[in-house]
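Asker: return atomic coordinates for the entry below.
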Amino acid sequence: MKLPALILLAAGGLFAAEPPLTRLVDPFVGADADGNTVPGAAVPWGFVELSPDTTNADTSGYASRGLVIGFSQTHVSGTGGDSEYGNFRVTPTAGPLRVGNLRFAKSDERASPGYYAVMLAGDGGRIRCELTATRLTGMERFTFPAGADGNVILDILARSKIHQRATHAEVNILDDRRISGMATFVGGWNPGAYALYFWAEFNRPMKSSGTWTADLGSTLTIPGRGHAVADQTHNYANQGGAFAVFDTAANRVVVMRLGVSFLSVEKARQNAEQEARGWNFASVRHRAAYEWEQALSKIQAEGGSESQRHIFYTALYRAQYMPHDLTGENVWWQSAEPHYEDFYTLWDTFRTVHPLLTLIQPERQRDMVRSLVDTYRHTGWIPDARIAGHNGLTQGGSNGDVLIADAMVKGLEGIDYETAYQALVKDAEVESERPLNEGRQLVDYKRLGYMSLTLNRSASRTLEYAYDDFAISEVARALGKTADADKYLKRSANWANLWDPQTRCIRPRYVDGTWLENYHCDHEYGDSTTEWWDVPFYEGRPVQYSTYVPHDVEGLIQRLGGDEAFVKWLDAFFDRKLYTQGNEPDILAPWMYIHAGRPDRTADRVRAILASEYHEGREGLPGNDDAGTISAWYIWGAMGLYPNAGQPYYYIGSPVFTRATIDLGGGRKFVIEAPGTSDTDRYVQSAELNGKKLDRAWLKHSEIAAGGRLVLHMGPSPSQWGREERPPSVTAR
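Answerer: Below is the predicted model:
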């Protein structure tokens, strides 16, 4: 790849023209305080996320307060639950060879998109460690201290958390530069096993090498070749792998490239040699930076504070991190379709991440949808989550339905919608044998119009199934299947079967129709990861889920007694601190005021959330980033737009930037201008779309997708703008 002068100049520490957008990104944001983001090196949607593993870590493998154990090639970013991956950990040491209980204090830690560096302090002296990556290959550069041998320890049994374990592993020392092998793992977030292969190569010969196993405490030094097979069926706590020793008297630097593959060692070798050709660490690093610069340049934000720009572009970085592009690595079935893994999970990302990609990365989003449809062809279901070749877990509804609808109603081309529709109908009509991992439970839902308390997560799943049915109706209507469209639209009203006018919120019911007794809308019916699966509402309170009627906000407004009563109900929800930005069920709620003709209240709430919940620094996120979902919410809010996922319109909010330019591709751009916007001047007074007066506080997708210019005139007080024409809703006004 020929890199532009902008990036080539970066090798010398200078950049032409303005500083690149990558300089506004801080990969450490969200690394702590349960944000669980990965601070290491990766490219957009790359499978290799080469990052430090530390003690005291959660799902990302990293905690700032921890000691560094080593650097694993694979991770998941911003997730909760049991983790996945953490494979093929590499740890450098200096001096006498030691393989067990490796823990190092760190200093001089820094990161930028595609690059991570740290200084490790060990008994043999300080080691400078630098990481960069391609889609399927990690490259590591170690600068060892003078006067001591440099050791590189490869743990092929490493895994992200104790719940994941290796069951089999092989390592081969091929010659004085190359090591290959594989390992099979079970556990973690997915229900099945996966095998991963690697090919590791050094830029210069080893002084010596060998294999090791921690349970025996052995460090067998072999001057040439070596081979080891470990069967971990009975000893899951074991560690083991290979090591390489280098003479650093004349040259203190060792460079290692390690390719991974789900297919074979040979494919891992090809990945390493093709993606990280040569041994120029700086070239690989700057190619990764260039890929990130291209991804970040999809939105040009002007104005706002320096802090807001840093938060914004860090969020845009996170929103283009997962799922992982494993096209060409599909070991699970034969297909020419694009292939993505680690949708972790659609229950989160369908709300903000995928609608964002539909605008700024339409080809990428198209390929993700095609991959999901292909997964249906070969597994029988569109997954709600998919990790390392297995479907699961399903936290709520069949939310892949919403992704298909979002693509269809927004005109995303190149997708087999007829096959996709077959998958959606199966979700709606076929009782899943494994509802925890795919599909739905339907007997109660189809017979009663709601899920009864005999089933877990009954109330929250009723709400999600209802919206999934609406999504199916949208796809059916677009395909000309009018009878189906009417059927599923009618079924989408099932949410109201759990609406209790007495408590003024969603309330679970028994099979006989009676309400759950001793009930309070504010009560949290689960307070641990285990309990959330067994209570009526998954990861949320009843009042939070009561806001989840994306297709029928007007129906909710009418049940609450009209616009004014609805605004008071929402105000009480926020004022009593029941809204939770770090969790997904209610993140549409701040925008729902627009349905009641009060865009000024949306401006108040969204501005407050942006200012109080998002910050620079390692604790800068309000909770798990959930594969970019929470970061993407900031992007939308700061631009002054927000999607109602699965429907072809966007709310207009209160931009923090005076100008945001969205690159739609094909030479089309959509510009949002809000001259004079500020913390005080946050209310829209009037608006024009492409020079014509716009009185509504929402835009059609077609109005954005065609390209154009939205101008918002801001002021310090609420106005009458946006109070009349309301966004679409199943229940008509």
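Asker: could you pull out the strands in the stretch 251-400 of the chain for me?
Answerer: Listed in chain order, the strands of the stretch 251-400 of the chain (DSSP state E, counting those that start in this stretch) span residues 253-261, 299-302, 324-325, 340-341, 386-387, 390-391.
Asker: columns mean neighbour count and distance to residue 522 on top of those, output as JSON lines?
Answerer: Every C-beta, even on glycine, is put in place using the N, C-alpha and C of the backbone. Below are those laid out as JSON lines (neighbours: other Cβ atoms under 10 Å; distance: least, Cβ to Cβ, whole Å):
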{"stretch": "strand 253-261", "mean neighbour count": "23", "distance to residue 522": "47"}
{"stretch": "strand 299-302", "mean neighbour count": "18", "distance to residue 522": "37"}
{"stretch": "strand 324-325", "mean neighbour count": "24", "distance to residue 522": "39"}
{"stretch": "strand 340-341", "mean neighbour count": "25", "distance to residue 522": "39"}
{"stretch": "strand 386-387", "mean neighbour count": "28", "distance to residue 522": "34"}
{"stretch": "strand 390-391", "mean neighbour count": "22", "distance to residue 522": "35"}
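Asker: so which of those comes closest to residue 163?
Answerer: strand 386-387 (13.0 Å; Cβ to Cβ).
Asker: remind me what the closest one packs against, helices and strands.
Answerer: With contacts defined as 3 or more Cβ pairs under 8 Å, 6 or more residues apart in numbering; DSSP states H and E, there are no secondary structure elements packing on strand 386-387.
Asker: pretty sure residue 42 sits against residue 112.
Answerer: No - when contacts are counted by Cβ atoms under 8 Å, residue 42 is not listed as touching residue 112 (11.6 Å).
Asker: so between the two, which is more surrounded?
Answerer: In this view residue 42 and residue 112 are compared by other Cβ atoms under 10 Å, and residue 42 has more residues nearby, 33 against 19.
Asker: which one is that one nearest to, not counting chain neighbours?
Answerer: What sits nearest to residue 42 in space, not counting adjacent residues and going by Cβ to Cβ, 6 or more residues apart in numbering, is residue 49, at 4.4 Å.
Asker: hang on, the one you found packs against residue 74?
Answerer: Yes - applying Cβ under 8 Å as the test, residue 49 and residue 74 come out as touching, 6.2 Å apart.
Asker: how about the helices in the stretch 301-450 of the chain?
Answerer: Counting by DSSP state H, counting those that start in this stretch, the stretch 301-450 of the chain has helices at residues 306-318, 346-349, 353-360, 362-379, 400-409, 417-429, 443-448.
Asker: ignore what I typed, I meant the stretch 601-733 of the chain.
Answerer: Here the stretch 601-733 of the chain has its helices, by DSSP H, counting those that start in this stretch, at 629-639, 701-705.
Asker: ranking these by burial, who's on top?
Answerer: For the helices of the stretch 601-733 of the chain, the largest average neighbour count (mean count of other Cβ atoms under 10 Å) is found in helix 629-639, namely a mean of 27.
Asker: can you give me the neighbour number for the residue nearest to residue 42?
Answerer: Summarising burial for residue 49: neighbours were counted as other Cβ under 10 Å, giving 27.
Asker: coming back round to it: which among the helices of the stretch 601-733 of the chain is found nearest to residue 387?
Answerer: Of all the helices of the stretch 601-733 of the chain, helix 629-639 sits nearest to residue 387, with 15.9 Å by Cβ to Cβ.
Asker: show me what contacts the closest residue to residue 50 other than its chain neighbours?
Answerer: Nearest in space to residue 50, with sequence neighbours left out and distances taken as Cβ to Cβ, 6+ apart, is residue 138 at 3.7 Å. Residue 138 makes contact with 41, 48, 50, 71, 73, 131-132, 257-258, 260, according to Cβ atoms under 8 Å, 6 or more residues apart in numbering.
Asker: swap the cut-off to 10 Å and go again
Answerer: Residues in contact with residue 138 (Cβ atoms under 10 Å, 6 or more residues apart in numbering) are 40-42, 46, 48-51, 71-74, 88, 90, 131-132, 198, 200, 256-260, 272, 275-276, 284.
Asker: residue 474 now?
Answerer: Listed by Cβ under 10 Å, 6+ apart, the contact partners of residue 474 are 401-402, 404-406, 408-409, 424, 485, 488-489, 492, 551, 646-648.
Asker: most neighbours, which of the residues you listed?
Answerer: Using other Cβ under 10 Å as the contact criterion, the top neighbour count among the contacts of residue 474 goes to residue 401, which has 33 neighbours.
Asker: please report the distance of that one from residue 387.
Answerer: 20 Å (Cβ to Cβ, to the nearest Å).
Asker: how about residue 52?
Answerer: 22 Å.
Asker: now do residue 429
Answerer: Using Cβ to Cβ, which is the criterion applied here, residue 429 is 26 Å from residue 387.
Asker: how many neighbouring residues does residue 34 have?
Answerer: Taking other Cβ under 10 Å as the definition, residue 34 ends up with a neighbour count of 16.
Asker: ok so it is a strand residue?
Answerer: No - in this structure, residue 34 is coil, not part of a strand, as judged by DSSP: H, G, I helix; E, B strand; the rest coil.
Asker: who's in contact with it?
Answerer: Contact partners of residue 34, counting by Cβ under 10 Å, 6+ apart, are 58-59, 78, 80, 582, 619, 621-625.
Asker: do residue 560 as well
Answerer: Contacts for residue 560 were tallied using Cβ under 10 Å, 6+ apart; they are 499, 501, 504-505, 546, 566-570, 596.
Asker: export the residues you listed to CSV and tack on neighbour count?
Answerer: Formatted as CSV, these follow (neighbours: other Cβ atoms under 10 Å):
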residue, neighbour count
499, 17
501, 10
504, 17
505, 24
546, 29
566, 23
567, 18
568, 14
569, 20
570, 24
596, 25
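Asker: list just the nearest of those to residue 22.
Answerer: Distances from residue 22 to the contacts of residue 560, taken by Cβ to Cβ, are shortest for residue 570, at 38.8 Å.
Asker: just say helix, strand or coil for that closest one.
Answerer: Residue 570 carries the three-state label helix when classified by three-state DSSP.
Asker: verify the contact between it and residue 547 for me.
Answerer: Yes - taking contact to mean Cβ atoms under 10 Å, the distance of 7.8 Å between residue 570 and residue 547 places them in contact.
Asker: and residue 565, which helix or strand is it part of?
Answerer: Under the criterion of DSSP states H and E, residue 565 resides in helix 563-575.
Asker: again but with residue 475, I slipped
Answerer: Assignment of secondary structure by DSSP H and E places residue 475 within helix 458-478.
Asker: so after that helix, what's the next helix or strand?
Answerer: Proceeding N to C from helix 458-478, the next assigned helix or strand is helix 482-491, under DSSP H and E.
Asker: paired strands for the helix or strand following that following helix, with orientation please.
Answerer: Along the chain past helix 482-491, the next helix or strand (assigned with DSSP H and E) turns out to be strand 499-500. Counting by DSSP bridges, the strands paired with strand 499-500 are strand 505-506 (antiparallel).
Asker: report how many residues lie close to the closest residue to residue 365 other than its chain neighbours.
Answerer: Residue nearest to residue 365 in three dimensions, not counting chain neighbours: residue 357, with 4.0 Å by Cβ to Cβ, 6+ apart. By the other Cβ under 10 Å criterion, the neighbourhood of residue 357 contains 24 residues.
Asker: just residue 558 next, same as before
Answerer: Residue 558 is surrounded by 16 other residues when neighbours are defined as other Cβ under 10 Å.
Asker: which residue is the nearest non-sequential neighbour of residue 611?
Answerer: Distances taken as Cβ to Cβ, 6+ apart place residue 679 nearest to residue 611, at 7.7 Å, with adjacent residues excluded.
Asker: quick one: contacts for the one you found?
Answerer: Each residue near residue 679 by Cβ under 10 Å, 6+ apart is listed here: 305, 607, 611, 654, 656, 716.
Asker: quick check, central residue of the protein?
Answerer: Nearest to the mean C-alpha position of the chain, counting by Cα atoms, centre = their mean, stands residue 627 at 1.5 Å.
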